[in-house]
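Engineer: Predicted model, plus sequence, below.
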Amino acid sequence: MGYSTIQDHQSMLFDNFRNTMYNEAIQQVVKKNSIVLDLGAGLGLHGFMANLWGAKKVYLVDPAPILDITTLVVKNNSLIEKVKSISGKIENIELPEKVDVIISVLTGNFLLSEDLLPSLFYARDKYLKPGGKMIPDLAKMVVVPVSAADYYANHIDCWSKPIFDVDYSILRKYAANSLYYDSPKRRKTNFLAKPENILDLDFMIATEASCKNTIEFKIIKDGIVHGFLGWFDIQIGDKWLSTSPTTKQTHWQQTFLPLENPIQIKKDHILSFKLNRPENGEWSWIVNYGNIKQMQSTFLSHPINVNHLQDQNKIVD
């Protein structure tokens, strides 16, 4: 997603539930002498909140052209002296000073999806003063096996049916190795186990935005596993915001990781799930249930050619 137009930012700007939590957290940490960095500022709302709560100086940093529009908002609100827009990646620009607070919204739908967190860690190491604060500062990735018959039929099995007598079934395997970002309104699922954390990430000390972990689920009822549903929770100030399908929805969506071959499971049995996702790499997931093992990866979501094979991020068992 390029985040270059106001349409790209509309759902985030008007996400009142999320933004209210940010506003409360910003109020808690911003003081009259605070220097604040709004990293990946977009239309600058969280930076403007910091100004509202008395920040001495606010830096809005974003590499996307949307910052040109944000600068117009700064001028229109007569904030040129207190709020400064700096266009570019944080790795390629220089802030005039260190900051007391870093505000960011660099989490993709499944936390690591957009590969923006390394920029946050860079900014933290270079610009955050000792004792400084980050909003958010903690995150969790959560996964659960689900039954989703209709959704699976509409996104995976649909490729098995001829279209105007054309056989597209060879493409089903690509669909089964893809990720699907959607909302509960468009995707009915039944949890077959208790959701489990597969990654805990402390933004204050983390050095890498990657995941390579295995978790085991105790199945709570008989059913068919069509795939896994993933989302994240983040700590904003002293509160946690969850992007779970069972809580109040935000602009973030959950991620469906399908199984190429759905598995019939039994209550009280153990299902193992391994997720691997290196920085800027492919998502790979491995499932074990009894003597059944399935390995899948977004690396296999399109035909493999020479350039694709040169990718360093292959499936990791």
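Structural biologist: Received, thanks. Keep in mind that this is a model prediction, so the values were computed, not measured. Numbering: from 1, shown residues only.

Engineer: Would you confirm that Leu120 belongs to a strand?
Structural biologist: No - under DSSP: H, G, I helix; E, B strand; the rest coil, Leu120 sits outside any strand and is assigned helix.

Engineer: ranges for the strands of the stretch 1-150 of the chain?
Structural biologist: Secondary structure of the stretch 1-150 of the chain by DSSP state E, counting those that start in this stretch: the strands cover 35-39, 57-62, 83-87, 99-104, 128-135, 138-147.

Engineer: just how off-centre is the longest one within its chain?
Structural biologist: Spelled out, it's strand 138-147. 12 Å (CA atoms, centre = their mean, to the nearest Å).

Engineer: on contacts alone, who are the packing partners of that strand?
Structural biologist: strand 190-191, strand 196-202, strand 211-218, strand 223-236, strand 270-277 (3 or more CB pairs under 8 Å, 6 or more residues apart in numbering; DSSP states H and E). The C-beta positions use only the backbone N, C-alpha and C, and glycine is treated the same way.

Engineer: now the third one
Structural biologist: Using 3+ CB pairs under 8 Å, 6+ apart as the contact criterion, the neighbours of strand 83-87 among helices and strands are helix 45-52, strand 57-62, helix 66-76.

Engineer: Can you list the low-confidence ranges for the stretch 1-150 of the chain?
Structural biologist: By pLDDT under 70, the low-scoring segments of the stretch 1-150 of the chain are 1-2.

Engineer: so can I have CSV of the helices and strands packed on strand 83-87 showing distance to Phe17 and mean neighbour count?
Structural biologist: Converted to CSV, those look like this (distance: least, CB to CB, whole Å; neighbours: other CB atoms under 10 Å):
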stretch, distance to Phe17, mean neighbour count
helix 45-52, 14, 23
strand 57-62, 23, 25
helix 66-76, 22, 17
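
Engineer: The residue lying closest to Asp115 once chain neighbours are set aside: what secondary structure?
Structural biologist: In this structure, Asp115 finds its nearest non-sequential neighbour in Asn280, 5.0 Å apart by CB to CB, 6 or more residues apart in numbering. Secondary structure assignment for Asn280 (three-state DSSP): coil.

Engineer: swap in Tyr174?
Structural biologist: Three-state call for Tyr174 (three-state DSSP): helix.

Engineer: That one is in contact with Ile304, isn't it?
Structural biologist: No - taking contacts as CB atoms under 8 Å, Tyr174 lies outside contact range of Ile304: 10.5 Å.

Engineer: Which one's more surrounded, those two?
Structural biologist: Tyr174 (14 against 10; other CB atoms under 10 Å).

Engineer: And the more buried one, how close does it get to Gln296?
Structural biologist: For Tyr174, the distance to Gln296 equals 11 Å [CB to CB, to the nearest Å].

Engineer: so what sits against both of these two?
Structural biologist: With contacts taken as CB atoms under 8 Å, 6 or more residues apart in numbering, not a single residue reaches both Tyr174 and Gln296.

Engineer: Return the residues in contact with the spatially closest residue to Lys31 that is not a sequence neighbour.
Structural biologist: If you skip the residues right next to it in sequence, Lys31 has Gly54 as its closest partner in space, 6.7 Å away by CB to CB, 6+ apart. Each residue near Gly54 by CB under 8 Å, 6+ apart is listed here: Val30, Lys31, Lys32, Ser34.
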